[in-house]
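Trainee: Kindly return the folded structure for what I paste below:
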Amino acid sequence: MRRALVAMLAIALLSCAKEETATPDQAWVDAYESRNLEAIVALFTDNAIVQMDNQILSGKGQIAAYWGNQFTSRAIILQLDTPERRYDGDRIVVEGTYSAFRPRPEGIESGTYYQLWVSDGLNWYIQEERWLLLKTLE
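Mentor: You can find the predicted model right below:
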């Protein structure tokens, strides 16, 4: 009886852990790591705005062109550090730091990122995203 209770408790804890790790921003990471352009673009609202340092992208068309170029022209390894998430009803703000490893001459860069996710009641989408480069190492 005691073993059965311990097993049920362990299963319940694992289920809770899975729910907590299933965050909308993990879908972005998964799509990026698999270089799935369609999946990345589908995560944005139609009128999303993305700021990459001094470059502003507006709408899914420009976002798709940017990431398509990144995926085909460069070997980039992106590492996102554990982000901070703030929940506010139908909005989630995700902020963190990143490191990008690129072939020379660019080398390694690091900075901060910000995502504003909004919900339509069923799904989460990125309304705004910002990437700010802080330093580059060769």
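
Trainee: Any stretches of this protein with poor pLDDT?
Mentor: Counting by pLDDT under 70, the chain contains low-confidence ranges at 1-22, 74-75, 104-106, 138.

Trainee: ok, 90 please
Mentor: Flagging of the chain using pLDDT under 90 yields the residue ranges 1-24, 32-33, 52-54, 69-83, 98-110, 133-138.

Trainee: longest strand anywhere in it?
Mentor: The single longest strand within the chain, with elements called by DSSP state E, is strand 124-137.

Trainee: buried sites along that strand?
Mentor: By neighbour count with 16 or more other C-beta atoms under 10 Å, strand 124-137 contains the buried residues 124-126, 128-131. For glycine as for every other residue, the C-beta is placed from the backbone atoms N, C-alpha and C.

Trainee: same deal with stretch 76-87?
Mentor: By 16+ other C-beta under 10 Å, the buried positions in stretch 76-87 come out as 80, 83.

Trainee: C-alpha coordinates for that stretch, CSV please?
Mentor: What follows is stretch 76-87, C-alpha atoms only, in CSV (Å, rounded to 0.1, in the frame of the first residue of the first chain):
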residue,chain,number,x,y,z
ILE,A,76,24.6,30.0,-35.7
ILE,A,77,24.4,28.2,-32.4
LEU,A,78,22.2,30.2,-30.1
GLN,A,79,22.2,29.6,-26.4
LEU,A,80,19.5,31.2,-24.3
ASP,A,81,20.0,31.4,-20.5
THR,A,82,17.1,30.6,-18.2
PRO,A,83,14.7,33.4,-18.8
GLU,A,84,12.5,35.3,-16.4
ARG,A,85,8.8,34.9,-17.1
ARG,A,86,6.1,37.3,-15.8
TYR,A,87,2.5,36.2,-16.3
